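> Turn this into a model:
(chains A, B, C and D)
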2 protein chains.
Amino acid sequence: MKRPTIADIAQLAGVSKGAVSYALNGQPGVSESTRRRVLAIAEEIGWNPNGAARALSGAPSNTVGMVLRRPARILGVEPFFMELISGVEAELAARSYALTLQVVADQPAEIAVYRRWWGERRVDGVLVCDLGVDDPRIQVLKELTLPTVVVGTLGKSAGLVSVWSDDAAAVVEAVEYLSALGHRHIARVGGLPELRHTAARTEAFEEVCRRLDVAPALTISTDYTGEDGARATRRLLSSRQRPTAILYDNDVMAIAGLAVAHEMGLSVPADVSLVAWDDSVLCQLVHPPLTALSRDIPAYGGHAALQLLDVIAGLPAVSVQDETAHLIPRGSTAAPPPGRGDQTR
Amino acid sequence: MKRPTIADIAQLAGVSKGAVSYALNGQPGVSESTRRRVLAIAEEIGWNPNGAARALSGAPSNTVGMVLRRPARILGVEPFFMELISGVEAELAARSYALTLQVVADQPAEIAVYRRWWGERRVDGVLVCDLGVDDPRIQVLKELTLPTVVVGTLGKSAGLVSVWSDDAAAVVEAVEYLSALGHRHIARVGGLPELRHTAARTEAFEEVCRRLDVAPALTISTDYTGEDGARATRRLLSSRQRPTAILYDNDVMAIAGLAVAHEMGLSVPADVSLVAWDDSVLCQLVHPPLTALSRDIPAYGGHAALQLLDVIAGLPAVSVQDETAHLIPRGSTAAPPPGRGDQTR
DNA sequence: CCAGTCGACTGAACCGGGTAAGTGCGTCGA
DNA sequence: TCGACGCACTTACCCGGTTCAGTCGACTGG
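As a prediction, this is how the structure comes out:
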């Protein structure tokens, strides 16, 4: 089946290519009767615009891109990304935009993808996640003037727009809650330390622990996987000064941590309280259900998508603060065991 | 920043556009010294090929497409799709192919997307899921001669290639297992009845029940959501002839069903046994952990991706049967309550 | 010594649309 | 009756690569 072109339409309608182009694009320059005739013929022979040809003349691709730098297999396990993507898709789909995903192994590869997409005009803009503390991608994207929205804390990198949520406030809420329950020994199983939001959380964690007179805050760094979360939990729970509460940087690790506690014969929450970050179904299914810092991740992705569409449209866009994660207490948190908490309560 | 073109390179190198094109593409027709000079200049000025221009001349887009016909939000909750996509991405990423996802509301919209992608040469091929019993997409894709791989049972639709797994055999294994435990009253909470694999499962279910002399097989149709699964379970468990075992068509519904059983004061597996289809982490986290029909879904997606790349490359490709889901017995299945099962055992 | 061949390269057409500039024609006002 | 004007188109070139048919010069062989 040969793809029909506007030349075919032109021939059938007995007009020139140019006239067909005007007619199909609702531009002035053709009579109403001709326009209708052209549209009817286009419909009849099943014409579709050739995006490549349009793109050559500078038309948008109606596609936004997202590069994920992690093992592809993790995608299926990590609820955060899937929910984020589903939210992004929900907004894009409503506007007939497509989402192109590309999984890469490392940062140079990621930057190469941006350059390629830009050169090929394959996407109209990109969503960038997991910003590093000093992220070279920002500079590249600025240079390319590729419309970009950052998902997550952007810091003072002017010139780009981000959708972010106040991780520091969420950390404070969680620690204050644990402190109010009487915990004086709280540890944290953190994400990749080179990520900006991890740094923000760590800083907030240390500060609030100081303020509330909680024992020196200890954060163990992980790579967000369940295995690493289990390892960190094992280390914490077998230390001499065993913490009475642990705050995890995602839900996968919290669930792995819960399993480790059980495996070590500790009861949750009687012996140790656990708090997860990001509240997927997983948190509600385990036993006991996990207290979690919850936020609407699909909405987060949706907002980012809308921001990006604004940036692409050239509208003035500013960074937007999204909902702050809020604590949902469930069965995994309680007062610390007697003699290990705040005796004044 | 203006994008450099091969014309720029040609000027700098003092050769013609054509020579530059040959040099950049490793084609014969230029001397080794010229080729090196051209490549050096291209590298230096940061040239990237313009995909639109290439596509205009018939080059592939190095992208495969996948249309998902369901509410975008579901993506984040339904482990099957995410795992499938992660497997697809794993294979594509290794070959620098991108995946374009488009979520649509209904079948006409889906077909329109295929036509558009084809017209725009936006994708080199597509993966098609959730084949209906009499699916109009097949005809359209054949007409368009858009390289296609079907994920799931294809039936006798010649001309297309599929990667499928033997759902009927898996149903038989599950029912035989339940029957061996003594169950004589097994119900099934099935997926959308208009889908081909649902039809295949239903047929196999009815046949094996007949063969094993199990009570008339009852399948309740659902839309795969947890809510619908809960509703179906409630109906089954409150019926006069309450089944002693329920087989679910996905994991989300099985988990919802487990919650319903608890809510109705029934014990799993003492009062009723549950079997899930597709074995995500969810199944292992709930209490009791769910017996499930397990298969490697990322691998399934990966195989489909590889098949599609073969089809795109014009290699002779034939439908491939993937691993059959196999039963993993866990805590949610046991012998039926006394007096309700097979008295001969 | 000259035809034939080959390698290196040029020029131009081509892909399928977008669009600025130009043309022909009817209409209107003076 | 003539020029001005505007509509409805046509013409032609652009976008940035690919590719095919030449061209030109050097080398080869008989």
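> Can you give me the buried ones in the helix or strand bottoming out on mean pLDDT in chain A?
Using mean pLDDT, DSSP states H and E, helix A:281-285 stands out as the lowest-scoring helix or strand of chain A, at a mean of 80. Buried residues in helix A:281-285, counting neighbours by 16 or more other Cβ atoms under 10 Å in any protein chain shown, are found at A:V281, A:L282, A:C283, A:L285. Yep, even glycine has a C-beta here, placed from its N, CA and C like the rest.
> For the most centrally placed residue in chain A, give its distance to chain B.
The geometric centre of chain A, computed from its C-alpha atoms, lies nearest to A:L84 (Cα atoms, centre = their mean), at 5.0 Å. Separation of A:L84 from chain B (Cβ to the nearest Cβ, to the nearest Å) stands at 8 Å.
> for A:S179, same thing?
Distance from A:S179 to chain B, counting by Cβ to the nearest Cβ: 29 Å.
> Enumerate every residue touching A:A169.
For A:A169, the contact set (Cβ atoms under 8 Å, 6 or more residues apart in numbering or on different chains) comprises A:A204, A:T324.
> Pull the distance from whatever helix or strand it lives in to the chain's centre.
Secondary structure assigned from DSSP states H and E places A:A169 in helix A:167-181. Taking Cα atoms, centre = their mean, to the nearest Å, one finds helix A:167-181 lying 23 Å from the centre of the chain it belongs to.
> Take that helix, keep the C-alpha atoms, and write them as PDB.
Once non-C-alpha atoms are left out, helix A:167-181 reads as follows in PDB (Å, rounded to 0.1, in the frame of the first residue of the first chain):
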ATOM      1  CA  ASP A 167      11.100  16.900  50.700                       C
ATOM      2  CA  ALA A 168      12.600  18.700  53.700                       C
ATOM      3  CA  ALA A 169       9.200  19.500  55.100                       C
ATOM      4  CA  ALA A 170       8.100  15.900  54.700                       C
ATOM      5  CA  VAL A 171      11.200  14.700  56.500                       C
ATOM      6  CA  VAL A 172      10.500  17.100  59.300                       C
ATOM      7  CA  GLU A 173       6.900  15.800  59.600                       C
ATOM      8  CA  ALA A 174       8.000  12.200  59.800                       C
ATOM      9  CA  VAL A 175      10.800  12.900  62.400                       C
ATOM     10  CA  GLU A 176       8.500  15.100  64.500                       C
ATOM     11  CA  TYR A 177       5.900  12.300  64.500                       C
ATOM     12  CA  LEU A 178       8.400   9.700  65.500                       C
ATOM     13  CA  SER A 179       9.900  12.000  68.100                       C
ATOM     14  CA  ALA A 180       6.400  12.700  69.500                       C
ATOM     15  CA  LEU A 181       5.900   8.900  69.900                       C
END
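> mean confidence score for it?
When pLDDT is averaged over helix A:167-181, the result is 96.
> Quick check: mean pLDDT of the helix or strand following that helix?
The element immediately downstream of helix A:167-181 (helix or strand, assigned by DSSP H and E) is strand A:186-190. When pLDDT is averaged along strand A:186-190, the result is 96.
> What's the first helix or strand after strand A:186-190?
Note on strand A:186-190: by DSSP H and E, the next helix or strand toward the C-terminus is helix A:196-211.
> Give me the helices and strands touching that following helix, please.
In this structure, helix A:196-211 makes packing contacts with helix A:167-181, strand A:186-190, strand A:218-221, judged by 3 or more Cβ pairs under 8 Å, 6 or more residues apart in numbering or on different chains; DSSP states H and E.
> returning to what we had before: contacts for the least confident helix or strand of chain A next, please.
Residues lying outside helix A:281-285 but in contact with it, judged by Cβ under 8 Å, 6+ apart, are A:79, A:251-252, A:254-255, A:276, A:289-290, A:292, A:330, B:77, B:255, B:281-282, B:285-286.
> now do 7 Å
Contact partners of helix A:281-285, identified using Cβ atoms under 7 Å, 6 or more residues apart in numbering or on different chains, comprise A:P79, A:D251, A:I255, A:A276, A:P289, A:L290, A:A292, B:V77, B:I255, B:L282, B:L285, B:V286.
> Quick check: phi and psi at the first one.
Translated: A:P79. Note on A:P79: backbone dihedrals following degrees, to the nearest 10 are phi -60, psi -30.
> Quick check: which of the helices and strands packed on helix A:196-211 is buried the most?
Per-residue neighbour counts averaged over each of the helices and strands packed on helix A:196-211 give the maximum for strand A:186-190, namely a mean of 27 (mean count of other Cβ atoms under 10 Å in any protein chain shown).
> Can you tell me which helices and strands that strand packs against?
On a contact count with 3 or more Cβ pairs under 7 Å, 6 or more residues apart in numbering or on different chains; DSSP states H and E, strand A:186-190 meets helix A:196-211, strand A:218-221, helix A:226-237, strand A:245-248.
> between that strand and helix A:226-237, how many degrees?
Computed by axes from the mean of the first three to the mean of the last three Cα atoms, to 10 degrees, the angle separating strand A:186-190 from helix A:226-237 equals 160 degrees.
> what angle do strand A:186-190 and helix A:196-211 make?
Interaxial angle of strand A:186-190 relative to helix A:196-211 (the same axes, to 10 degrees): 170 degrees.
> quick one: strands adjacent to strand A:186-190?
strand A:218-221 (parallel), strand A:245-248 (parallel) (DSSP bridges).
> Need the residues that contact stretch A:107-116.
Residues lying outside stretch A:107-116 but in contact with it, judged by Cβ under 7 Å, 6+ apart, are A:V67, A:R69, A:Q102, A:V104, A:V126, A:P136, A:R137, A:V140, A:L141, A:L144, A:L146, B:N48.
> That stretch and DNA strand D in contact?
No - residues of stretch A:107-116 contacting DNA strand D under Cβ under 7 Å from any atom of the strand: none, with a closest distance of 11.7 Å.
> what comes up buried for that stretch?
Within stretch A:107-116, the residues that qualify as buried are A:E110, A:I111, A:A112, A:V113, A:Y114, A:R115, A:R116, counting by 16+ other Cβ under 10 Å.
> And for stretch A:65-72?
By neighbour count, and taking 16+ other Cβ under 10 Å as the criterion, the buried residues in stretch A:65-72 are A:G65, A:M66, A:V67, A:L68, A:R69, A:R70, A:A72.
> Now, those that are in strands?
A:G65, A:M66, A:V67, A:L68, A:R69 (DSSP state E).
> ok, and the closest non-adjacent residue to the first one?
In space, A:G65 comes closest to A:V123 once its chain neighbours are excluded; the distance is 3.7 Å by Cβ to Cβ, 6 or more residues apart in numbering or on different chains.
> My guess is that neighbour contacts A:L99. True?
No - counting by Cβ atoms under 7 Å, A:L99 is not a contact partner of A:V123; they are 9.2 Å apart.
> Kindly check the end-to-end length of stretch A:291-303 for me.
Using Cα to Cα, to the nearest Å, the end-to-end distance of stretch A:291-303 comes to 26 Å.
> no, scratch that, I was asking about stretch A:40-50
This stretch, stretch A:40-50, spans 18 Å end to end (Cα to Cα).
> ok, residues contacting that stretch?
The set of residues external to stretch A:40-50 that reach it, using Cβ under 7 Å, 6+ apart, is A:P4, A:D8, A:I9, A:L12, A:A13, A:L24, B:R115, B:R116, B:G119, B:E120, B:R121.
> near DNA strand D, anything from it?
No - judged by Cβ under 7 Å from any atom of the strand, stretch A:40-50 stays clear of DNA strand D, getting no closer than 10.9 Å.
> quick one: that stretch near DNA strand C?
Yes - under the criterion of Cβ under 7 Å from any atom of the strand, stretch A:40-50 makes contact with DNA strand C via A:W47, A:N48, A:P49, A:N50.
> Need those residues in TSV (columns: neighbour count, secondary structure and distance to B:V163).
Supplementary listing: those in TSV, determined by neighbours: other Cβ atoms under 10 Å in any protein chain shown; DSSP: H, G, I helix; E, B strand; the rest coil; distance: Cβ to Cβ, whole Å:
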residue	neighbour count	secondary structure	distance to B:V163
A:W47	21	coil	33
A:N48	17	coil	28
A:P49	17	coil	32
A:N50	20	coil	31
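> which one among those residues gets closest to DNA strand C?
The nearest member of the residues of stretch A:40-50 next to DNA strand C to DNA strand C, counting by Cβ to the nearest atom of the strand, is A:N50 at 3.6 Å.
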